[in-house]
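> Okay, structure incoming, though there's no sequence with it:
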């Protein structure tokens, strides 16, 4: 308490507006309520250590401000770990006045770091199943740069894969581009993650890109995370080489489907909403308790992508700051029913939001008519397959399977 008050007095005298948090729980609440220009974060706190809280903010897309770590028991390893996660500076206690002011000035002058590209398991330290999955994934990743995630359709594979992504490094989705990978591309992605959400979706060119990258992971410090709902014989029938599948299957981990995590869905949805608000993709909104319960009760046949799309859509169509149960229910039509209609106020929406609402309605309609067949859908829409996959993923509708041709 004494250190907090002293720092507050010093910084207030310098003209700064200061807020205090006595532990990680109070810091979470303060961050949820506002976006500070700078955070001074102690490593040793009574409930959660500062490194873990920093990982939470990074994993939840809330590390949009510079962070200076502080510790009276700091080690080189702690400083390196904090910097890797996204901390800007590290101050050792007792903190000299001039060093504190210089560090604060430097941090405030620096452009804020970009929001993390996607939600990760690090954002859920209080969820037992997600916390355990994260530990298993990190243990596996310590011994192997290539990891296969096996899951039924609708698994949280991207949420898991993002856990191995270091903020500020490259995230490269191998299923979104047919252009041959080059050594220059891998060099530029140094330290990043290469990802394939479903092996069954990859074209022959994309399979070659995966093999090209697999053979050079160590050289460029890369991680490869691939996922599939198919067994190896099924993938061989789709044109995969057995030898490549054998290499990819050397290290694998089971990942639950979203439907198996019903109790975690409200928290996942809330984090997704926060991330969308932070990135400016949706206006400030809050889920009502009834809306979160509606999300929890849904079966989510489309998995994590469907949930992400529903969160974004409900935030865009809600008429008030609170997202109501009816806002959510209107978007979650039972499987096999007619697609949701366009929002009644679509003509009053900004052009970007109105266009997105129409595109979602359009693609939902044709996905239902064609049973998710990507080849027929590409022909009807006039889009190249890779562009089509990217569009469906952006809209949270990516449920097609490569085998449906």
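Received, thanks. Remember, predicted model here, so these are calculated numbers, not experimental data.

> Please enumerate the strands of the stretch 301-405 of the chain.
Listed from the start of the chain, the stretch 301-405 of the chain has strands (DSSP state E, counting those that start in this stretch) covering 322-323.

> go on, the chain?
Chain-ordered strands for the chain, with DSSP state E as the definition, fall at 39-42, 67-71, 89-92, 146-150, 171-173, 193-196, 223-228, 252-254, 286-287, 322-323.

> of those strands, which approaches residue 208 most closely?
When the strands of the chain are compared for distance to residue 208 using CB to CB, the nearest one is strand 193-196, at 12.7 Å. Yep, even glycine has a C-beta here, placed from its N, CA and C like the rest.

> circling back: can you list the strands of the chain in TSV and add mean pLDDT, distance to residue 267 and mean neighbour count?
Supplementary listing: the strands of the chain in TSV, determined by pLDDT from 0 to 100; distance: least, CB to CB, whole Å; neighbours: other CB atoms under 10 Å:
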stretch	mean pLDDT	distance to residue 267	mean neighbour count
strand 39-42	94	22	22
strand 67-71	91	23	22
strand 89-92	88	30	18
strand 146-150	96	21	21
strand 171-173	92	23	18
strand 193-196	96	23	24
strand 223-228	96	22	24
strand 252-254	95	21	15
strand 286-287	95	11	20
strand 322-323	94	15	20
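
> In CSV, list the ones you listed along with distance to residue 332.
As requested, the strands of the chain are exported to CSV (distance: least, CB to CB, whole Å):
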stretch, distance to residue 332
strand 39-42, 37
strand 67-71, 37
strand 89-92, 45
strand 146-150, 26
strand 171-173, 26
strand 193-196, 27
strand 223-228, 24
strand 252-254, 27
strand 286-287, 14
strand 322-323, 13
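
> which one of the ones you listed lies closest to residue 387?
For residue 387, the closest of the strands of the chain is strand 171-173, at 13.2 Å, according to CB to CB.

> and that closest one, which strands flank it?
For strand 171-173, the paired strands and their directions (DSSP bridges) are strand 193-196 (parallel).

> circling back to that earlier point, can you tell me which of the strands of the chain is nearest to residue 296?
Nearest to residue 296 among these is strand 286-287 (10.7 Å), distances taken as CB to CB.

> Of all the residues in the helix or strand bottoming out on mean pLDDT in the chain, which ones are buried?
Within the chain, no helix or strand scores below helix 374-381, which has a mean of 73 by mean pLDDT, DSSP states H and E. Buried residues in helix 374-381, counted by 16 or more other CB atoms under 10 Å: 374, 377-378.

> next one: stretch 64-83
Applying a neighbour-count criterion of 16+ other CB under 10 Å, one finds 64-71, 74, 78-79, 81-82 buried in stretch 64-83.

> out of the residues you listed, which one sits closest to residue 273?
Sorting the buried residues of stretch 64-83 by distance to residue 273 puts residue 64 at the head of the list, at 15.1 Å, by CB to CB.

> ok so, going back, and the buried residues of stretch 64-83, which two are the farthest apart?
Using CB to CB, those span at most 24.7 Å, a distance reached by 64 and 74.

> So the chain: which segments form each domain?
The record's domain split for the chain, according to automatic domain parsing, is 2-109, 121-254, 260-394.

> and the longest helix along the chain with helix 374-381, angle?
Scanning the chain for the helix with the most residues, using DSSP state H, yields helix 351-369. Taking axes from the mean of the first three to the mean of the last three CA atoms, to 10 degrees, one finds helix 351-369 and helix 374-381 inclined to each other by 130 degrees.

> start at 672 instead
Yes, from this point I'll number from 672; that puts the last item at helix 1022-1040.

> Please work out the average pLDDT along helix 1022-1040.
Averaging pLDDT along helix 1022-1040 gives 78.

> so can I have TSV of the buried residues of helix 1045-1052 showing distance to residue 728?
What follows is the buried residues of helix 1045-1052, written out as TSV (distance: CB to CB, whole Å):
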residue	distance to residue 728
1045	37
1048	38
1049	39
